Structure formats: structure tokens, C-alpha cells
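*Asks:* fold the following for me, if possible:
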Amino acid sequence: MIARIYYGDGSVYEGLFDGIEKVLDVQCVVTPDLRNSAYETGRLVMHSWDFYLYAEGAWMGINGTVDLVDHVLHRPIEKVIKGRMIPNEKYEAILHRAHHDEGFPRKSNKSPEREDGSNK
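*Replies:* You can find the predicted model right below:
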């Protein structure tokens, strides 16, 4: 699955999981939102996780090394990248770019999650 990975230094990786060389300082991962196979609901912006894993054909976020070890022991993990805290202003600017990424469809009204990332 093609993804865009946004880093704290402002750089962006676009491509498949096996081409990722930079594994630290991840701020968010953007993919098409295919959680409901009946329809595509736009983009999925995963952020604020300690680790991002690529396993079984999809990205997921997890927190803490205990969760990381649990996933590694119980499923075939193909890639692990590491999140990092940065100053809020920088983080908010990166997240804004990700939520307005023209390379992925906008969130649709078919999902309870709104374009701004909230679910209210």
C-alpha cells in the first residue's frame, strides 16, 4: 500500500513500506482509508503514536515497547518506524499538511470521522 510518511524535519517519504530508509522522527503516516471494504472513505492520517508498524498489508500505530514486543511476537511485522515528539507549532503544521494532502482523497461523509480528524 502506498503511504506518505511525514517527518519532524519537514521531509516526506512516498512509496511502499519496503523502500523506507528513514525510520526515526516520524510524525504521521497517511494512507487511503480502506478500513471498511464496502467503500473508500478518503485518507487515514495516523499520528501521535510511539511506533508505526506495517503488517499484513496495512499500517497501524501502537504505543510503548510492551505493545511493540507483543505485536512482533504474534504477527509477521514487515516494517517498524519510530515516532518522536517535536514542538507543538511544528507538529501542528505537519499535521495540517497531512490532512490536506492532495495525493489522497478527502474524507467522505460515509465515515463518522470528519476531515479535521475529529469524530464529533
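
*Asks:* stretch 97-111: which residues count as buried?
*Replies:* For stretch 97-111, a neighbour-count test (16 or more other Cβ atoms under 10 Å) marks Arg97, Ala98, His99, Asp101, Phe104, Lys107, Ser111 as buried. Bear in mind the C-beta positions are built from the backbone N, C-alpha and C, glycine included.

*Asks:* mind checking which of the residues you listed land in helices?
*Replies:* Assigned to helices by DSSP state H, the following of these qualify: Arg97, Ala98, His99.

*Asks:* nearest to Ala58 among those residues?
*Replies:* Ala98 (17.4 Å; Cβ to Cβ).

*Asks:* contact partners for that closest one?
*Replies:* Arg4, Tyr6, Gln27, Cys28, Val30, Val45, His47 (Cβ atoms under 8 Å, 6 or more residues apart in numbering).

*Asks:* re earlier: out of the ones in helices among the buried residues of stretch 97-111, which is nearest to Met85?
*Replies:* Ala98 (16.4 Å).

*Asks:* can you pull the pLDDT of that closest one?
*Replies:* pLDDT, Ala98: 94.

*Asks:* ok, Asp116 next?
*Replies:* 55.

*Asks:* in TSV: the buried residues of stretch 97-111, plus distance to Tyr52.
*Replies:* Converted to TSV, the buried residues of stretch 97-111 look like this (distance: Cβ to Cβ, whole Å):
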residue	distance to Tyr52
Arg97	17
Ala98	13
His99	17
Asp101	16
Phe104	16
Lys107	20
Ser111	21
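
*Asks:* please enumerate the strands of this protein.
*Replies:* Under the criterion DSSP state E, the chain contains strands at 3-7, 12-15, 26-32, 43-47, 51-55, 58-62, 77-82.

*Asks:* any idea which of the ones you listed gets closest to Leu68?
*Replies:* strand 51-55 (5.3 Å).

*Asks:* just to revisit the earlier point, TSV for the contacts of Ala98, including pLDDT and distance to Leu16?
*Replies:* Shown next, in TSV, are those (pLDDT from 0 to 100; distance: Cβ to Cβ, whole Å):
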residue	pLDDT	distance to Leu16
Arg4	95	12
Tyr6	97	16
Gln27	98	19
Cys28	97	17
Val30	94	14
Val45	92	18
His47	96	20
